[in-house]
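> test case, fold it:
(one chain, ligands or ions: 1)
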Amino acid sequence: MKTEKLYPVCKNYIWGGDKLVKEYGKTADLPCAESWEFSFHPDGLSKLSDGRTLSETATPDDLGSNCAGFAGVPLMVKLIDANADLSVQVHPTDAYAGARGLGFGKTEMWYVVGAVPGACLYVGLREPADPARIRASALDGTLVSLLNRVEVHTGDAYLIPAGTVHAIGAGCVICEIQQNSNITYRLYDHGRIGPDGKPRQLHLDDALAVADTGAYRAKRPSAQTADGVLLFANKYFTASRLTVSGTYTFTADKGSFRCVTCVCGAGVIDGTGCRAGDSFFIPADGLTHTYEGDMTLIVSANRKYAVGIDLGGTFIKGGIADDLGNVIAKGKVPTGSEDGADAVAARIAGLCADLLSDACMTADDVAGVGIGVPGMIDTVRGEVVYSNNLGWSHFPIKNEVQRLTGLPVRICNDANVAALGEAKFGAGAGMENVVMLTLGTGVGGGLILNGKLYEGSGGAGAELGHMAIVLNGECCTCGRRGCLEAYASATALIRDTKRAIKEHPESLMSTQSEINGTTAFRMRDKDPYAAEVVENYISYLAAGVIDIANVFRPQAVIIGGGIGAEKENLTVPLQEKLDRDMFGGKLGPAVPVIPAALGNTAGTLGAAALWF
Ligand code: BGC
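This next block holds a predicted model:
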């Protein structure tokens, strides 16, 4: 199907007002409390212009492959006009609802579309309160005083995880993105009388069984994607706010549809006029789509997430990434490998917990943890068989991190995951045969052959840094002599820089207080000794790159890692040498030498991609 304007089902609950009709273009009787803009829920299926429901029209391909992991479509989008305070309520978790045959639980989020001065939301408890206290105050009418009351303004957003005691206050217009569920347990209804003349039913036992009795702490992730500023992300829904001013074009992915709700302004969505209050369904068709005008859009989709960990000799870098390669949380901690492998595993687990908290996620929202580790990795048994860089042998890192985090873990060699990251989301996107070299503490190699990561027997292969380019040459950390790593790693470059300074005290490099992998590159225009260090470095690296090109004839050799940050300073001279010396020269298919595109996130993205 193509992009379609959605026609919602409206609900006339007693606390509703007239704004959805008068200001947001809905056709409904008053009071109009909710419009179910994007709904696959049987209690109110949203429709298309031809009268058919979206649920009967959208195919699995239109919805995208991510939805296949759920029984049905996992999210709903509503507009809500609270003319009076809503009841104080709580929604069940998946586990609670599932155990009672009620389908999904309900985690939801609110985006404030409009708020009269002084309007507020009640989100969670102000301070911890035990169930007996909550029950007593629900019964004596003082429950509201236990709640965390926040005055709100247009643009504010709150996450309401299942179990959070909450209420929408009078005067708020909300765009609510929620799990596909319609279960509410009411704790307190302000003594209100329902349309049948009786007080509306309370569900104290269920509500107290699921209520989170801790204090609520408001937090938002901080990330920007092609869909705008991220509001909240979890395994059910990802919502972002996109400000359109002029023309905005993007290519849809095949993982998820988008539901686009205009909350302010007006414009055109894929050729159809759009005003505040309108929602559109954009299929997961891989095609280009266009938004035009001046408007604020809430873009909702279903994305997959995983934690990616790049375990290096100095730092453990981590991130939470989605299936499109957007990093929504990132952080790093020192590796401290001298404290032993168990301590490093504990630091990884601590970093995972911090990342989840920064992303406002629970462990349940991510598919798992992927870890890139330098050395020989048994991906099946989850063991670091041998790591020259970390000084480990036979460390069962997968089980250890699984035990500490409670999350499933996959591991792989660090350069292999960097290659995977670049091939999926970076410089090698769309290529079937790519080789990656990471130039850091060591020299790592990653091979994507015929569209798949090639790791060799037991995951122990693709060690491109350990091919000998000089017989009986410099000592390598692996014990052999003359390896590419012993000439082209950052470690080797620093060694050679220091040697040049020692041999030529007149070198300008000797004036530097700190010598690192950038020293020679930075000073080569003014210092012939620095120029010589760089030239030798590139010549050795070229020997390795040309060997790689001759063996694999890939569509590209990607140069990454710390020294890879020199980008064209490396790739241009490498390309010249390669074109001159490669087998058959320019007679065969070209092998472009290109800089990595993802910088130092290639490792974390590739590690997360072990789950996509
Ligand atoms: C290790 C490789 C690793 C590379 C990059 C080398 O020293 O032997 O396994 O991929 O460093 O960290």
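> all contacts plus neighbour counts: C-alpha atoms, from now on.
Will do.
> which residue, other than its chain neighbours, is closest to whichever residue of the stretch 1-150 of the chain sits closest to the ligand?
Ranked by Cα to the nearest ligand atom, the top residue of the stretch 1-150 of the chain for proximity to the ligand is Asn66, at 31.3 Å. Take Asn66 and drop its neighbours on the chain: the residue closest to it by Cα to Cα, 6 or more residues apart in numbering is Gly255, 5.2 Å away.
> how about Thr518?
Ile563 (7.5 Å).
> which stretches of the stretch 351-500 of the chain form helices?
Applying DSSP state H, counting those that start in this stretch to the stretch 351-500 of the chain gives helices spanning 397-405, 414-425, 485-488, 490-503.
> coming back round to it: from Phe40, how far off is the residue nearest to Asn66?
18 Å (Cα to Cα, to the nearest Å).
> thinking again about what came up before, how far away is the residue nearest to Asn66 from Ile282?
12 Å.
> please report phi then psi for the residue of the stretch 1-150 of the chain closest to the ligand.
Torsion angles at Asn66 (phi, psi; degrees, to the nearest 10) stand at phi -60, psi -30.
> go ahead and confirm Ile397 touches Val384.
Yes - contact criterion Cα atoms under 8 Å: Ile397 and Val384 qualify, at 6.7 Å.
> one step back: quick check: pLDDT value at the residue nearest to Asn66.
At Gly255, the pLDDT value in this model is 98.
> repeat for Ala549
97.
> looks like it contacts Met582 (just checking).
Yes - counting by Cα under 8 Å, Ala549 does reach Met582; the two are 7.0 Å apart.
> find the closest residue to the ligand in the chain.
Closest point on the chain to the ligand, by Cα to the nearest ligand atom, is Gly375, at 3.2 Å.
> quick check, Asn536 in a strand?
No - counting by DSSP: H, G, I helix; E, B strand; the rest coil, Asn536 falls outside a strand, being helix.
> distance of it relative to Ser387?
On the measure of Cα to Cα, Asn536 and Ser387 end up 28 Å apart.
> the two - which one has more neighbours?
Neighbours were counted for Asn536 and for Ser387 using other Cα atoms under 10 Å; Ser387 has more, 19 against 15.
> just list the residues touching the closest residue to that one other than its chain neighbours, thanks.
In space, not counting the residues next to it along the chain, Ser387 is nearest to Gly375; the distance is 4.1 Å by Cα to Cα, 6+ apart. Residues in contact with Gly375 (Cα atoms under 8 Å, 6 or more residues apart in numbering) are Val384, Val385, Tyr386, Ser387, Asn388, Asn389, Asn413, Asp414.
> same thing with Pro592?
Here Pro592 is in contact with Gln555, Ala556, Val557, Gln575 (Cα under 8 Å, 6+ apart).
> give me the number of neighbouring residues for Phe567.
Rather than Phe, residue 567 is Lys. Lys567 has 17 nearby residues by other Cα under 10 Å.
> centroid residue for the protein?
Centroid-nearest residue in the chain: Ala321, 2.5 Å away (criterion: Cα atoms, centre = their mean).
> helix, strand, or coil at the residue nearest to Lys330 when sequence neighbours are not counted?
Nearest in space to Lys330, with sequence neighbours left out and distances taken as Cα to Cα, 6+ apart, is Gly319 at 4.1 Å. The three-state assignment at Gly319 reads strand, by three-state DSSP.
> per-domain residue ranges of the chain.
4-210, 224-301, 305-420, 427-596 (automatic domain parsing).
> does the ligand sit close to the last one?
To tie it back to what came earlier, the one meant is domain 427-596. Yes - using Cα under 6 Å from any ligand atom, domain 427-596 reaches the ligand at Gly442, Val443, Gly444.
> which of these fall in strands?
Secondary structure defined by DSSP state E assigns Val443, Gly444 of the residues of domain 427-596 next to the ligand to strands.
> for burial, what's the neighbour tally of Ile563?
20.
> which residues touch it?
Here Ile563 is in contact with Leu439, Gly440, Ser489, Ala490, Gly517, Thr518 (Cα under 8 Å, 6+ apart).
> quick one, strands of the stretch 451-600 of the chain?
Ranges of strands in the stretch 451-600 of the chain, per DSSP state E, counting those that start in this stretch, are 452-454, 556-560, 593-595.
> compute the inter-axis angle for the second one and helix 414-425.
This points to strand 556-560. 120 degrees (axes from the mean of the first three to the mean of the last three Cα atoms, to 10 degrees).
> keeping just the C-alphas, turn strand 556-560 into CSV.
C-alpha atoms of strand 556-560 as CSV (Å, rounded to 0.1, in the frame of the first residue of the first chain):
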residue,chain,number,x,y,z
ALA,A,556,36.5,-1.7,-1.0
VAL,A,557,39.1,-1.8,1.7
ILE,A,558,37.9,0.3,4.6
ILE,A,559,40.5,1.9,6.9
GLY,A,560,39.4,2.5,10.5
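> for that strand, packing partners?
strand 434-439, strand 593-595 (3 or more Cα pairs under 8 Å, 6 or more residues apart in numbering; DSSP states H and E).
> gap between the two ends of stretch 416-432?
Per Cα to Cα, stretch 416-432 runs 15 Å from first to last residue.
> what's the average pLDDT for that stretch?
Rounded mean pLDDT across stretch 416-432 is 96.
> what's that stretch in contact with?
Contacts to stretch 416-432, defined as Cα under 8 Å, 6+ apart, come from residues 324-325, 372, 434-436, 438, 444-453, 455, 462, 555-556, 558, 594-598, 602-607, 609-610.
> swap in 7 Å and give it another go.
325, 372, 434, 436, 445-451, 453, 555, 596-598, 602-603, 605-607, 609 (Cα atoms under 7 Å, 6 or more residues apart in numbering).
> and those residues, which are buried?
325, 372, 434, 436, 445-449, 453, 555, 596-598, 602-603, 605-607, 609 (16 or more other Cα atoms under 10 Å).
> so which of the domains of the chain is nearest Ala218?
domain 4-210 (7.0 Å; Cα to Cα).
> using PDB, write out every CA atom in stretch 153-166.
Output in PDB follows, covering the C-alpha atoms of stretch 153-166 (Å, rounded to 0.1, in the frame of the first residue of the first chain):
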ATOM      1  CA  HIS A 153       3.700  23.000  28.600                       C
ATOM      2  CA  THR A 154       3.500  22.200  24.900                       C
ATOM      3  CA  GLY A 155       6.400  19.900  23.900                       C
ATOM      4  CA  ASP A 156       6.900  18.200  27.300                       C
ATOM      5  CA  ALA A 157       7.100  14.400  27.200                       C
ATOM      6  CA  TYR A 158       6.800  11.700  29.900                       C
ATOM      7  CA  LEU A 159       7.200   8.000  29.900                       C
ATOM      8  CA  ILE A 160       4.600   6.000  31.800                       C
ATOM      9  CA  PRO A 161       6.000   2.500  32.200                       C
ATOM     10  CA  ALA A 162       3.400  -0.200  33.000                       C
ATOM     11  CA  GLY A 163       2.800   0.000  36.800                       C
ATOM     12  CA  THR A 164       3.200   3.700  37.100                       C
ATOM     13  CA  VAL A 165       0.300   5.300  39.000                       C
ATOM     14  CA  HIS A 166      -0.800   8.300  36.800                       C
END
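> mind listing what's buried in that stretch?
His153, Gly155, Ala157, Tyr158, Leu159, Ile160, Pro161, Ala162, Gly163, Thr164, Val165, His166.
> so which of the residues you listed sit within strands?
Short answer: the buried residues of stretch 153-166 in strands (DSSP E) are Ala157, Tyr158, Leu159, Ile160, His166.
> which ones are touching the residue nearest to Asn66?
Gly64, Ser65, Asn66, Ala284.
> quick one, what contacts the first one?
Contact partners of Gly64, counting by Cα under 7 Å, 6+ apart, are Lys254, Gly255, Ser256, Phe257, Ala284.
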